[in-house]
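K.L.:
Got a predicted model here, sequence first, then my questions.
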Amino acid sequence: MSHAHGSPSPVASRSGTPLKGRIRVPGDKSISHRSMIFGLLSIGETRVEGLLEGDDVLRTAEACRALGATITREAPGRWRIVGAGIGGLTDPKDVLDFGNAGTGSRLMMGVAGSHPITSTFDGDASLRKRPMRRILDPLTKMGVTVVSEAEGGRVPLTLRGPKETLPITYETPAASAQIKSAILLAGLNSPGKTTVIEREATRDHTERMLRHFGASVEVVPHGADGRAITLQGQPELRGTDIVVPTDPSSAAFPLVAALITPGSDVVIEGVMMNPLRTGLITTLIEMGASIERLNERDEGGETVADLRVRHSRLTGVTVPHARAPSMIDEYPILAVAASFAEGTTRMQGLHELRVKESDRLAAVAAGLAEAGVEHEIHGDDLLVHGSGGKVRGGGNPVATHLDHRIAMAFLVMGLATDQPMTVDDGAMIATSFPSFIPLMRELGATIQD
Ligand SMILES: O=C(O)C1=C[C@@H](OP(=O)(O)O)[C@@H](O)[C@H](O)C1
Ligand SMILES: C=C(OP(=O)(O)O)C(=O)O
């Protein structure tokens, strides 16, 4: 099992000088995982620039190697993948260990499960708690055999792919890009058309990259907020070049840090502005945040912008459930911003937060309690009663439950609280944002590990 890291490594942050300067956060995690996967499924060479070299993505790279890709790191962020091609995957010799990564494991279940090979998936204590039924159900309909699984449809689990994978039409039971992507990736090795219907549109990186690699994908609106995505199976994907734009979910941390730390003025360069990822920015602007989108341009097929962020007086707002897919990973850091706002921020319909790396609703509430922030959980809603700028902080170390976003969110909080904040373990930050601490220090933050 991965991440059997010996003793936890606590990290602390405290308030100090205003945050100033320009930084660029690493490449997007979703696109980095998919770069490896599409590289594996292509014929020929794929060259990636700006890959996120976080632990989650490196695990996906290892899995792609085990299934037949040749992968080399040529320079920091620059990787070369020679694919095995759709239909060309080989039996992995060992267990595929995805560490902490929901995305890597679930997408690769679609990839490996749709091939006539046997593959075993495992991960760390966090991944072992996360629901995989949502992937196994549609894959079973496509003819995949679940040879074994841990209780409740969890990893470790073993899949055996059919001789011929069946195309299906499937409506996802939750707004989840991981479910959508697993089915579409399985549909690549299936004759005919695979259709995924989602009632609420989720991040569309898989659809965009399918097209970029030469597949034929049709996307039509479905209902008020949804989409139906149809993929023509068994295309020949051709290796190509990818420039990975920077990750808005990582940018969220320095962004909120600048908003809550008095006197701050920061530029975060080249942040991906895909509208299915910018719900946090929409929300913060509604709250009164000073966020300027400068120098908008295209990078790697996505619109990116430099974000100039200044310390702001924030006001509580209601965040509708419909916005959740476009900011699903940003609720922990939004709760931190809301703690410093004037009045109540109500975040509606957060049930999916309960099945992330940790139960993020519970973990956020526990962290807020340590910091002395008034809050309530009503059903699936989180209410944060902001103090209008002053937050006590202190308390016991926040329990991170192997969750990188809980760790980073409460370290950001500590940059503006009266008393320092400590998180019980910073190790998981390396899964998505390995340079978090040095980049925050570059802006002037006091973070001690
Ligand atoms: O497809 C992806 O790359 C992701 C989808 C989201 O998960 P769900 O599909 O479970 O909502 C998100 O939380 C995760 O960080 C990345
Ligand atoms: C939910 C996340 O990732 P994953 O599902 O890939 O573990 C995340 O990065 O916040």
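P.N.:
Yep, it's here. Residues are numbered from 1 along each chain as shown. Ligands and ions are numbered 1, 2, ... in the order given.

K.L.:
what about stretch 231-248, start to end distance?
P.N.:
27 Å (C-alpha to C-alpha, to the nearest Å).

K.L.:
does ligand 2 sit close to it?
P.N.:
No - using C-beta under 6 Å from any ligand atom, we find that stretch 231-248 stays clear of ligand 2, coming within 9.3 Å at best. In short, each C-beta sits where N, CA and C put it, glycine included.

K.L.:
how far out from the middle of the chain is that stretch?
P.N.:
In this view, stretch 231-248 has its centroid 18 Å away from the chain centroid, taken as C-alpha atoms, centre = their mean, to the nearest Å.

K.L.:
cool, and stretch 114-124?
P.N.:
Using C-alpha atoms, centre = their mean, the offset of stretch 114-124 from its chain centre is 21 Å.

K.L.:
ditto for stretch 81-100
P.N.:
Using C-alpha atoms, centre = their mean, the offset of stretch 81-100 from its chain centre is 21 Å.

K.L.:
neighbouring contacts of stretch 360-375?
P.N.:
Residues outside stretch 360-375 that contact it (C-beta atoms under 8 Å, 6 or more residues apart in numbering) are 331-332, 335, 339, 350, 353-354, 377, 380, 382-387, 391-401, 403, 405-406, 409-410, 413, 417, 421.

K.L.:
Of the residues you listed, which belong to strands?
P.N.:
377, 382-387, 421 (DSSP state E).

K.L.:
Buried members of those residues into ChimeraX, please.
P.N.:
Typed into ChimeraX, the line below selects the buried ones among these, using 16 or more other C-beta atoms under 10 Å:
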select :382,383,384,385,386,387,421
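
K.L.:
Out of the ones in strands among the contacts of stretch 360-375, which one has the weakest pLDDT?
P.N.:
Comparing pLDDT over the ones in strands among the contacts of stretch 360-375, residue 387 scores lowest. The value there is 91.

K.L.:
all helices in the stretch 1-150 of the chain, in order from the N-terminus.
P.N.:
Taking DSSP state H, counting those that start in this stretch to define them, one finds helices in the stretch 1-150 of the chain at 29-41, 55-66, 102-113, 133-141.

K.L.:
Domain map for this structure?
P.N.:
The chain is divided into the following domains under automatic domain parsing: 11-27+245-448, 29-243.

K.L.:
can you tell me the average pLDDT over the shortest one?
P.N.:
Going back to what we said before, that points to domain 29-243. Here domain 29-243 scores 98 as its mean pLDDT.

K.L.:
just checking: which of the contacts of stretch 360-375 also lie near ligand 2?
P.N.:
Among those, proximity to ligand 2 is found for residue 405 (C-beta under 6 Å from any ligand atom).

K.L.:
From the contacts of stretch 360-375, list just the buried residues.
P.N.:
Of those, these count as buried by 16+ other C-beta under 10 Å: 331-332, 335, 339, 350, 353, 380, 382-387, 391, 393, 395, 397-401, 403, 405-406, 409-410, 413, 417, 421.

K.L.:
check contacts around residue 400.
P.N.:
By C-beta under 8 Å, 6+ apart, the contact set of residue 400 is 358, 363, 406-407, 410, 423-426, 428.

K.L.:
cutoff 7 Å now
P.N.:
Counting by C-beta atoms under 7 Å, 6 or more residues apart in numbering, residue 400 touches 406-407, 423-425, 428.

K.L.:
Residue 444 in helix, strand or coil?
P.N.:
Under DSSP: H, G, I helix; E, B strand; the rest coil, residue 444 falls in the coil class.

K.L.:
what's the distance between residue 200 and ligand 1?
P.N.:
Using C-beta to the nearest ligand atom, to the nearest Å, residue 200 is found at 10 Å from ligand 1.

K.L.:
So that it lines up with my notes, have the first residue be 30 from now on.
P.N.:
Got it, first residue is 30 now, which makes that one residue 229.

K.L.:
Mind checking what secondary structure the nearest residue to that residue once chain neighbours are set aside has?
P.N.:
Spatial nearest neighbour of residue 229, excluding adjacent residues (C-beta to C-beta, 6 or more residues apart in numbering): residue 204 at 4.1 Å. Under three-state DSSP, residue 204 falls in the coil class.

K.L.:
which ones are touching residue 204?
P.N.:
Shown in contact with residue 204 (C-beta under 7 Å, 6+ apart): 227-229, 231, 353-354.

K.L.:
now the residue lying closest to residue 465 once chain neighbours are set aside: how far from residue 433?
P.N.:
Once flanking residues are discounted, residue 465 sits nearest to residue 458: 5.1 Å by C-beta to C-beta, 6+ apart. Per C-beta to C-beta, to the nearest Å, residue 458 is found 5 Å from residue 433.

K.L.:
looking at the helices of the stretch 30-179 of the chain, which is closest to ligand 1?
P.N.:
Minimum separation from ligand 1 across the helices of the stretch 30-179 of the chain (C-beta to the nearest ligand atom) falls at helix 58-70, 3.2 Å.

K.L.:
Quick one: name the residues of the stretch 180-329 of the chain near ligand 1.
P.N.:
By the rule C-beta under 6 Å from any ligand atom, the part of the stretch 180-329 of the chain lying against ligand 1 is 205-207, 210, 232.
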